[in-house]
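[1] sequence first, then the predicted structure:
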Amino acid sequence: MSGSLVSAGLVPAGPVSFLDGIRLVDHHCHSVVAGPLDRAGFEALLTEGAGPAAGTSSFDSALGFSVRRWCAPALDLPAHVAPDDYLTRRAELGPEEVTKRFLGGAGVGAVLVDHGFAADGLLSPTELGARAGASVGEVVRLEAVAEAVADAGVSAADYGDAVAAEVAARTAEGRHPVPVACKSVLAYRAGLDVDPTRPGPAEVEQAADGWLRRRATTGEPLRDPVLLRHGLWAGLDTGLPLQLHTGFGDRDEDLHRANPALLVGLARLVEPLGVPLMLLHCYPYHREAAWLAQVFSVVHVDVGLAVPYVGPRAATIVTELLELAPYGKVLYSSDAFGLPELHLLGALRFRSALGGLLEHLCATDELAPADAERVATMIGTDNARRVYGRMPA
Amino acid sequence: MSGSLVSAGLVPAGPVSFLDGIRLVDHHCHSVVAGPLDRAGFEALLTEGAGPAAGTSSFDSALGFSVRRWCAPALDLPAHVAPDDYLTRRAELGPEEVTKRFLGGAGVGAVLVDHGFAADGLLSPTELGARAGASVGEVVRLEAVAEAVADAGVSAADYGDAVAAEVAARTAEGRHPVPVACKSVLAYRAGLDVDPTRPGPAEVEQAADGWLRRRATTGEPLRDPVLLRHGLWAGLDTGLPLQLHTGFGDRDEDLHRANPALLVGLARLVEPLGVPLMLLHCYPYHREAAWLAQVFSVVHVDVGLAVPYVGPRAATIVTELLELAPYGKVLYSSDAFGLPELHLLGALRFRSALGGLLEHLCATDELAPADAERVATMIGTDNARRVYGRMPA
Amino acid sequence: MSGSLVSAGLVPAGPVSFLDGIRLVDHHCHSVVAGPLDRAGFEALLTEGAGPAAGTSSFDSALGFSVRRWCAPALDLPAHVAPDDYLTRRAELGPEEVTKRFLGGAGVGAVLVDHGFAADGLLSPTELGARAGASVGEVVRLEAVAEAVADAGVSAADYGDAVAAEVAARTAEGRHPVPVACKSVLAYRAGLDVDPTRPGPAEVEQAADGWLRRRATTGEPLRDPVLLRHGLWAGLDTGLPLQLHTGFGDRDEDLHRANPALLVGLARLVEPLGVPLMLLHCYPYHREAAWLAQVFSVVHVDVGLAVPYVGPRAATIVTELLELAPYGKVLYSSDAFGLPELHLLGALRFRSALGGLLEHLCATDELAPADAERVATMIGTDNARRVYGRMPA
């Protein structure tokens, strides 16, 4: 990407050099809104809240100022343009052109897409990949699979096997886009402070009996800890890497109960199995996550979602992560959702953050330039390609 | 303030420019000791502990070095003067002159004062405001109200209504100073990890029965979780913003049980009511608090108390807060208690921290100067004036 | 140390000046491997995990790059030498010469050694001290004492007194090396979130009855909370400083349950006794630990283990610690284990971190140079010498 964006003044010229030629693997993201957005709709996607509080604007945030600074030029506008002018130009260009510019500008070689959440009105993963000029892998959301099985009609006695079978089917080879990982949002549904062991069949049947009845009448989402654990282990049984939401997210979670440190018990159980655990987001608990990545060979980490949200502070977050995290266990993700701007900002901030850190380490003679090049490639793309064995070239 | 202090060399000239002309709203502070202080008395107020450990001095800390650097010149002393010389000059000038210099130097336009804690020997809020040249609002401390109701004599059956009535009376319009907010120290009394729901009348009566008896015999402070929750909801019923102690404080609390993240359940209950929740201090959990401020429209945050205490590191703390906190939800407070020095240092460090950050963002072209001016005004004064509707001009 | 290392280009010339002439007290470390190490053995000691994950190397980490940068020159190699070349030269020089170079280069005046863990194949504390040119104190590991008492054969009824007697014996004056402190790894064995009170004799006997039987048959380590608390209080009864593992460690612990903030209850109990509590490591909870050090006179803190591991980020960690920690309550430790490189890196990074901070504070006129000198001496050596009354000169 970056050659053209740098020459267009879209990314800082200096500090990204080590990341410059690298087409990133975005190992966890979502798709973007297909249609137009008014100001309220745009501002609602510019926060993990439900929208700005009365008397305030989502533009008045680290993320909002980043949009005005870094996304405006990609729409042929001056940096720091006013929000309304930005949205006017955005509407004028239309969603397709806007998406193409931002996703193309992100310079990603592959996107691994979780399309199991609020996907109405979003581009399909395949369309997303086309706009980005990137290959596409699918991340299979375990709770969505379980809810689909429940809604298709299943008895409590059959529930456990049916979910396992459906997870196996949705992660089978030969599908398109290729399934590359499972994902759990246990953090949202019950918190990460649950017993991590695999529940027995009788326990599953009993829990399913209760939940299936409640779902039939009230539409209750899957929140039962026993069934969540059942789904988690169905995912682990596929042998594919298991992505786990941790840390920063929306208000459906208790943030402190999404602390990745709480996954230590699961990590102990999974360590002998060798199935990669991919801790997503982690912020503001990324130092604790980094410790897990150092002491358990199966644990990998990223600081997705935080990277686009915190603006230039992404540099600090990445640096804090790399205090303890082995460089071979760190990946890039944007966790972008809804706005194509987030795909651009994620990539841009990550390049600048990691690139800037590596430049600094070289400038202070802590790191040799050849190692900096190697680390940039590891974290930008190679670690992901090693862990996600099925990823399309 | 700053014009004169800058020219007097009392504040750094460069980085505070965006905050320079702004008279801050200090939305949470306490009053200062009216009389003279000897070295032991001064050192005891220069720490959140009971005083320095044997063989050490409170002056040997980020706060202590700040006093010698930034407060000494306001007493016509050279920067970095020795502690004893500082205290000699301080005694020579006398409490009234010293207080006038420090509070005047803080450059605050309004002080919202919690005067419900250890207020013996302190200036009244009105006197404090006069020394500061600032308008004054009162913060009504809910636990102090409940204890006063108990001590005035009340039956367990009447306790619940009596507390609610007294809270309503103390927050009524037309009082002087004007009541602008309620405040709870739930974090000290029971921890923030309690059930946040409103307790029922029977539950309150039963809990009151036990506590009133114990208080009559042993003077037990209000620590019963049911009665603390009752008080909290009596405060919420006034519709005034509710200040909550979180994070950094003295050793009566369990710090980890004062983590603002634990307030997520309360935030969910209050969100539909629209009553502002004002999370005080937050440090070292300010990144978690910032997340609450992003995802709940009612949540607002500051890093008071930490700002004067951590010395030049206030810049980092404020920067960490603004990673996720919407700029429209962040306020200034000093949480100064006892020493007028803390009022000056709070304001000085906050100006320098936020001003320095804004300068840096402009210098790196992340922010336009016009936006930096606007943000400085929002955080320095406008956010507080919007949230505290009753604040006197 | 530093004169020669600086002139040899082994440490940065600038920022360490305030620490330059100071022979540090390393108040908590372990010994080093006596014999040769192959690459696998070396990499296993370069992480708190069991070794690098498949497809990765421990050299690709903040610590690994530090070894190549800062340890290579001490072996007459260029900075950033390749790992295999480093290990070849290391083997060529042999363990004795390598150890002498690294320990001598650390410039420590005293080492307080915990030799109660995995000590097979390590140099004795006395040998370690000789290689370092430092005086030696011994840290008595309470859980190791209790397990030795159990293995020597004791009845459940006698267990409590026998452990107390053995702790007293092992900490008696006149031993060599001189016992200077007790240490507990409660964090590893049960977590710091246990009841901190002293258990009664009947409780101890009952718990001992269970554990002694289990240990006889399965070799179960001491993990019973009652017996761990008994050992803790036996240590406190000696009146010697009590070191406590907190924060960063290996995967036998739940990191979040090793949070030093959880020790607030113990601190309250110990405060009136005046026995120093020495919180080791603390990272990534060092800001919480610093609060404990401010509010309890008995609490002291360090950021050992993190200091060598996080590379140049040690500067940030030390700075974060000193936000709230009184300067008179902060100590240096390396927590080095196994590799003599960790002794050098601990000292080098600590000098650079604290020295750099003090230089910065002087350069920004926050601190007077004379105070910076004094603080360097306090933290580098004087605080430890004050707290560990028995330390050999």
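    Thanks, I have the structure now. Numbering: from 1, shown residues only, chains lettered A, B, ... in the order given.

[2] where exactly do the helices run in the stretch 1-150 of chain A?
    Assigned by DSSP state H, counting those that start in this stretch, the helices in the stretch 1-150 of chain A fall at A:2-7, A:39-44, A:62-66, A:83-93, A:95-106, A:125-132, A:142-152.

[3] dump the C-alpha coordinates for the second one into PDB.
    Spelled out, it's helix A:39-44. Only the C-alpha atoms of helix A:39-44 are listed here, as PDB (Å, rounded to 0.1, in the frame of the first residue of the first chain):
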ATOM      1  CA  ARG A  39     -24.400  11.800  10.600                       C
ATOM      2  CA  ALA A  40     -26.300  10.000  13.400                       C
ATOM      3  CA  GLY A  41     -25.600   6.600  11.800                       C
ATOM      4  CA  PHE A  42     -21.900   7.500  11.300                       C
ATOM      5  CA  GLU A  43     -21.400   8.800  14.800                       C
ATOM      6  CA  ALA A  44     -23.100   5.600  16.200                       C
END
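
[4] contacts for that helix?
    A:33, A:50, A:51, A:52, A:57, A:58, A:59, A:83, A:84, A:87, A:90, A:339 (Cβ atoms under 8 Å, 6 or more residues apart in numbering or on different chains). Glycine gets a C-beta too; all of them are placed from N, C-alpha and C.

[5] and with 6 Å instead?
    Contact with helix A:39-44 is made by A:51, A:52, A:58, A:87, as judged by Cβ atoms under 6 Å, 6 or more residues apart in numbering or on different chains.

[6] among the helices of the stretch 1-150 of chain A, show me which one is buried the most.
    Of these, the one with the most neighbours on average (mean count of other Cβ atoms under 10 Å in any protein chain shown) is helix A:62-66, at a mean of 23.

[7] excluding its backbone neighbours, what's nearest residue A:368?
    The spatial neighbour of residue A:368 that comes closest, neighbours along the chain excluded (Cβ to Cβ, 6 or more residues apart in numbering or on different chains), is residue C:80 at 3.9 Å.

[8] my guess is the one you found meets residue A:367, correct?
    No - in this structure residue C:80 lies outside contact range of residue A:367 using Cβ atoms under 6 Å: 7.5 Å.

[9] between the two, who's got more neighbours?
    Using other Cβ atoms under 10 Å in any protein chain shown as the criterion, residue C:80 and residue A:367 rank with residue A:367 on top: 26 against 18.

[10] give the next helix or strand downstream of the lengthiest helix in chain A.
    When chain A is parsed with DSSP state H, its longest helix is helix A:340-363. Next in sequence after helix A:340-363, counting helices and strands by DSSP states H and E, comes helix A:369-377.

[11] that next one - contacts with which helices or strands?
    If you count contacts as 3 or more Cβ pairs under 6 Å, 6 or more residues apart in numbering or on different chains; DSSP states H and E, helix A:369-377 packs onto helix A:340-363.

[12] got the buried residues for the helix it packs on?
    Across helix A:340-363, burial judged by 16 or more other Cβ atoms under 10 Å in any protein chain shown covers A:340-362.

[13] do stretch A:183-192 as well
    Neighbour-count burial for stretch A:183-192 [16+ other Cβ under 10 Å]: A:183, A:184, A:185, A:186, A:187, A:188, A:189, A:190, A:191, A:192.

[14] now swap in stretch A:41-55 and tell me
    In stretch A:41-55, counting by 16+ other Cβ under 10 Å, buried: A:41, A:42, A:43, A:44, A:45, A:46, A:47, A:48, A:49, A:51, A:52, A:53.

[15] likewise stretch A:254-273?
    A:254-264, A:266-267, A:270-271.

[16] between these, which sits nearest residue B:286?
    residue A:255 (12.8 Å; Cβ to Cβ).

[17] so which of the buried residues of stretch A:254-273 reach chain B?
    Counting by Cβ under 6 Å from any Cβ of the partner chain, A:254, A:255, A:256 from those sit close to chain B.
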